[in-house]
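Colleague: Could you look at this predicted model? Sequence included:
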Amino acid sequence: MNVLVTGGAGYIGGHMVLALRDAGLKPVVFDNLSTGFRWSVPEDVPLVVGDIGDYELVLQTLKSHSIDAIVHFAAKLVVPESMRDPLGYYLNNTVKSRSLLAAAVAAGIKTFVFSSTAAVYGNASEKALTEDAPLAPLSPYGSSKQLTEVMLRDVAAAHDMRFVTIRYFNVAGADPAMRHGQSTANATHLIKVAVQTALGMRPSMDIYGTDYPTPDGTCIRDYIHVTDLIAAHMQALDHLRGGGESLVVNCGYGHGYSVSEVVETVRKVSGRPVEARIAPRREGDPMTIVADSTRIRSKLNWQPRYDDLATIVEHTLRWETMLRERNLKL
Ligand code: UDP
């Protein structure tokens with residue numbers, strides 16, 4: 001099976017490329033290299049440098065590589081940036097996804113896996129979120145993904161396509177064999193920021209808000225290892241190839257950690273101090289986001305292997321250390 005991986009030079013897409021290759025399938029990467037890295041694409045994997053909004057180039061790529069399925073990761077994904085630049089997010093994540101879907105329809109693609117986000121739920125209740133919870137995104141990022149979910153559902157119904165939409169909770173960690181990890185220099189995600197602080201790459205970090213009505217006052221998230229997330233995508237492809245129905249599934253472990261607990265775990269696992277300053281709440285941040293993962297476990301038989309915060313932190317630490325040593329050598 002030939003699989004187009006949009007955003008395949010990025011953090012999560014790059015792990016998908018490795019998993020497809022490991023399974024003997026044929027990934028083709030489509031990436032504009034705005035945040036991805038050419039070096040991260042294995043030499044034997046075709047890389048098309050282009051924009052998913054370039055209809056003609058996407059269509060030509062789908063045809064010339066005889067693509068059977070699309071796994072669509074390419075997106076902007078920083079919540080605070082989306083608050084400052086909503087139109088940029090709607091263009092990149094929604095309008096360009098429309099163009100990608102149009103090319104997919106024109107090329108007769110019947111299998112589509114879409115990377116969505118728990119940010120579509122907005123300010124959830126304290127309970128774990130099921131896929132049927134009301135959608136009320138707090139940020140243009142969440143809205144831009146929700147709109148694409150809707151387009152995909154409608155396009156699939158009209159054009160005999162089947163899809164799995166996967167709503168990611170907080171993805172972190174790195175390939176346990178250290179072939180890939182989050183490599184963006186100025187990443188904003190909590191575990192990466194805390195690990196960089198532990199390694200002395202940042203003098204200190206901020207904790208955005210300690211006055212939430214949670215046990216320790218900081219926000220709670222369901223952190224999931226990137227390798228488990230990618231296993232869910234592989235199972236989604238299997239499910240669709242086996243004739244399975246279209247699905248929308250959460251991908252998270254079903255339990256959460258607070259920001260303070262994450263920082264403390266980074267201190268413990270690294271054995272180093274992490275200076276964390278209390279800062280005001282960050283705009284667009286829901287208080288608690290935890291997945292109900294019943295559906296993904298039952299429908300895709302998803303069985304996570306790295307459901308352990310210390311392991312996620314340890315893999316992030318190892319990757320970040322490697323990256324730092326490599327950059328020092330360059
Ligand atoms: N966070 C923080 N300091 C940071 C980065 C993040 O306190 O330097 C908090 C953030 O406010 C949120 C949680 O950590 O409550 C997870 O944020 P992240 O950006 O990793 O992911 P998000 O949940 O926004 O997708």
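Modeller: Thanks, I have it. Residues are numbered from 1 along each chain as shown.
Colleague: From here on, just use CA atoms for contacts and neighbour counts.
Modeller: Noted.
Colleague: got the residues of the protein near the ligand?
Modeller: Counting by CA under 6 Å from any ligand atom, the chain comes close to the ligand at 79, 170, 188-190, 193, 205-208, 219, 259, 282, 285.
Colleague: Closest one to A124 out of these, please.
Modeller: Relative to A124, the closest of these is D285; by CA to CA it sits at 10.9 Å.
Colleague: contacting residues around the closest one?
Modeller: L138 (CA atoms under 8 Å, 6 or more residues apart in numbering).
Colleague: same check, this time on M161
Modeller: Neighbours of M161 in contact, by CA under 8 Å, 6+ apart: I109, K110, T111, F112, V155.
Colleague: Out of the residues you listed, who's the most crowded?
Modeller: Neighbour counts for those peak at F112, which has 26 neighbours (criterion: other CA atoms under 10 Å).
Colleague: which residue ranges form the strands in the stretch 201-330 of the chain?
Modeller: Using DSSP state E, counting those that start in this stretch, the strands of the stretch 201-330 of the chain run over residues 205-208, 220-221, 223-225, 247-251, 257-258, 276-279, 288-289.
Colleague: Turn those strands into a markdown table, including mean pLDDT and mean neighbour count.
Modeller: Shown next, in a markdown table, are those (pLDDT from 0 to 100; neighbours: other CA atoms under 10 Å):
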| stretch | mean pLDDT | mean neighbour count |
| --- | --- | --- |
| strand 205-208 | 98 | 18 |
| strand 220-221 | 96 | 23 |
| strand 223-225 | 98 | 28 |
| strand 247-251 | 98 | 25 |
| strand 257-258 | 98 | 18 |
| strand 276-279 | 98 | 13 |
| strand 288-289 | 92 | 28 |
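Colleague: Quick check: which of these is nearest to V3?
Modeller: Relative to V3, the nearest member of the strands of the stretch 201-330 of the chain by CA to CA is strand 247-251, separated by 18.9 Å.
Colleague: For the ligand, what's the nearest residue on the stretch 51-200 of the chain?
Modeller: Per CA to the nearest ligand atom, H189 is where the stretch 51-200 of the chain lies closest to the ligand, at 3.4 Å.
Colleague: In strands, which of the contacts of M161 appear?
Modeller: Among the contacts of M161, the residues falling in strands (DSSP state E) are T111, F112.
Colleague: And the residue of the stretch 51-200 of the chain closest to the ligand, how close does it get to G209?
Modeller: H189 is 15 Å from G209, where distance means CA to CA, to the nearest Å.
Colleague: more crowded one of those two?
Modeller: Legend: neighbour count by other CA under 10 Å for H189 and G209, higher for G209 (17 against 13).
Colleague: separation between the residue lying closest to the more buried one once chain neighbours are set aside and P203?
Modeller: Once flanking residues are discounted, G209 sits nearest to R281: 4.1 Å by CA to CA, 6 or more residues apart in numbering. As defined by CA to CA, R281 lies at a distance of 20 Å from P203.
Colleague: Those two: who's more crowded?
Modeller: Shown here are R281 and P203; by other CA under 10 Å, R281 has more neighbours (15 against 12).
Colleague: measure the residue lying closest to H239 once chain neighbours are set aside to the ligand for me?
Modeller: Of all residues not flanking H239 in the chain, L300 sits nearest, at 6.8 Å (CA to CA, 6+ apart). According to CA to the nearest ligand atom, to the nearest Å, L300 stands 24 Å off from the ligand.
Colleague: count of neighbours near L300?
Modeller: If you count neighbours by other CA under 10 Å, L300 ends up with 20.
Colleague: Name the SS class of K127, please.
Modeller: Here K127 is recorded as coil under DSSP: H, G, I helix; E, B strand; the rest coil.
Colleague: Contact partners for it?
Modeller: If you count contacts by CA under 8 Å, 6+ apart, K127 has them with V290.
Colleague: quick one: low-confidence ranges for the stretch 101-250 of the chain?
Modeller: Low-confidence segments of the stretch 101-250 of the chain, defined by pLDDT under 70: 125-126.
Colleague: Is it possible to get JSON lines of the strands of the stretch 201-330 of the chain that adds distance to L135?
Modeller: JSON lines is the format used below for these (distance: least, CA to CA, whole Å):
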{"stretch": "strand 205-208", "distance to L135": "24"}
{"stretch": "strand 220-221", "distance to L135": "17"}
{"stretch": "strand 223-225", "distance to L135": "20"}
{"stretch": "strand 247-251", "distance to L135": "13"}
{"stretch": "strand 257-258", "distance to L135": "23"}
{"stretch": "strand 276-279", "distance to L135": "28"}
{"stretch": "strand 288-289", "distance to L135": "13"}
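Colleague: and of these, who's closest to R38?
Modeller: Evaluated with CA to CA, those place strand 223-225 nearest to R38, the distance being 23.3 Å.
Colleague: Which parts of the stretch 1-150 of the chain are helices?
Modeller: Shown for the stretch 1-150 of the chain, the helices assigned by DSSP state H, counting those that start in this stretch span residues 11-22, 55-64, 79-84, 86-89, 96-106, 140-159.
Colleague: List the residues that contact the residue nearest to G209.
Modeller: Residues in contact with R281, defined by CA under 8 Å, 6+ apart, are Y208, G209, T210.
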